[in-house]
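S.K.: Pasting the sequence and the predicted model now:
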Amino acid sequence: MKILIYIFLALATSLLIFNVFHVDFDTPLEGDSFAAVVGVGASLCAVILLLILQIALKIKNQS
């Protein structure tokens, strides 16, 4: 499970970086740039949820 979380974290981080480079900062909410902004938000959510899961598993193993 631990290795799977790290794999998903790497994938989410790489998608985050990929989408940040596709955002047009002059007009971020128009055209393809909007899809990149949504992708950035989704990737950030995935990273946060995976980090919460990792912390919860550490707490579970301490008990």
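M.R.: Structure's in. What do you need? Residues are numbered from 1 along each chain as shown.
S.K.: What segments of the protein are strands?
M.R.: Taking DSSP state E, the chain contains no strands at all.
S.K.: Select the longest helix from it.
M.R.: helix 32-62 (DSSP state H).
S.K.: same question for it, mean pLDDT?
M.R.: Mean pLDDT, computed over helix 32-62, is 95.
S.K.: which parts of that helix are buried?
M.R.: For helix 32-62, the neighbour count (16 or more other CB atoms under 10 Å) marks 33, 36-37, 39-40, 43, 46-47, 50 as buried. (C-beta placed from N, C-alpha, C; glycine too.)
S.K.: show me the residues around the residue most central in space within the chain that make contact.
M.R.: Computing the C-alpha centroid of the chain and ranking residues by CA atoms, centre = their mean puts residue 43 first, at 2.7 Å. Counting by CB atoms under 8 Å, 6 or more residues apart in numbering, residue 43 makes contact with 12-13, 15-16, 19.
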